[in-house]
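# Show me how the following folds:
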Amino acid sequence: AADKINLIPQDFFAELCEQIIQHLNHKIPGVNIAELCQRIQTSGIEINVGDLAKIANIISFLFSTAARNNLSTEELVATLGSAVSALPKHAVQVIRYVWNEQGKSIGVSEDARNMATMGQFVDIKWKLGVAMSSDACRSLKYPYVTVMLTVADPSGQITDKSFEMTISQFKNFFKQFKEMAAVLETV
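Predicted coordinates for the structure are as follows:
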């Protein structure tokens, strides 16, 4: 991973680290790795989403472990120096700066630990469509609903999940949401 970190310009690496800290502080639902990767690639750096996701997971683990062990900035940098000799100098400088500025705010409450084992809902988008025809049938006129859920997995990586439903499936889906809302009203 150190060779891949070396490819990332300091400003992008700092943005990644800051977003990870914000995620660990529950200020944002996750880190949009795909969007950041696209911006890095647009700047002329060759890195793929999988490699950037691995780096994000490593940095997230580093920050959460440092928070759990209540490490000072100097202790974190000393630990990095002894454990990861191949880490680029600019990366260590960014980690030091971000941890010094924002690291102490990471909460490690029991609730936060329990939330970290599940994904988090970010957004939902939907559209209504009609299949007009196919190679087997000239006149379908078959309505459907396409739903795209944006979720942040436990590591903070944001992904989109999409699926299609028939109108009857959508009505059942909607009915279940109404039931959830009714239960929430009683709480």
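# where does the chain dip in pLDDT?
Within the chain, the stretches with pLDDT under 70 are 1, 82-86, 107-118, 134, 138-139, 154-156.
# who's in contact with the spatially most central residue of it?
The centroid of the chain falls nearest to Q157 when counting by CA atoms, centre = their mean (2.1 Å). Neighbour list for Q157: G30, V31, I33, A53, A56, N57 [criterion: CB atoms under 8 Å, 6 or more residues apart in numbering]. Quick note: C-beta positions are derived from backbone N, CA and C, even for glycine.
# ok, now which ones touch the closest residue to it other than its chain neighbours?
Distance criterion CB to CB, 6 or more residues apart in numbering; nearest residue to Q157, sequence neighbours excluded, is I33 at 5.2 Å. Going by CB under 8 Å, 6+ apart, I33 touches V49, L52, A53, A56, Q157, I158.
# thought the first one was touching C37?
By that I understand V49. Yes: with contact defined as CB atoms under 8 Å, V49 counts as touching C37 (4.8 Å).
# More neighbours: these two, which one.
The residue with more neighbours, out of V49 and C37 and counting by other CB atoms under 10 Å, is C37; that gives 22 against 15.
# quick one: that one is in a helix?
Yes: counting by DSSP: H, G, I helix; E, B strand; the rest coil, C37 is located in a helix.
# correct me, but it touches K54?
No: contact criterion CB under 8 Å: C37 and K54 do not qualify, at 11.6 Å.
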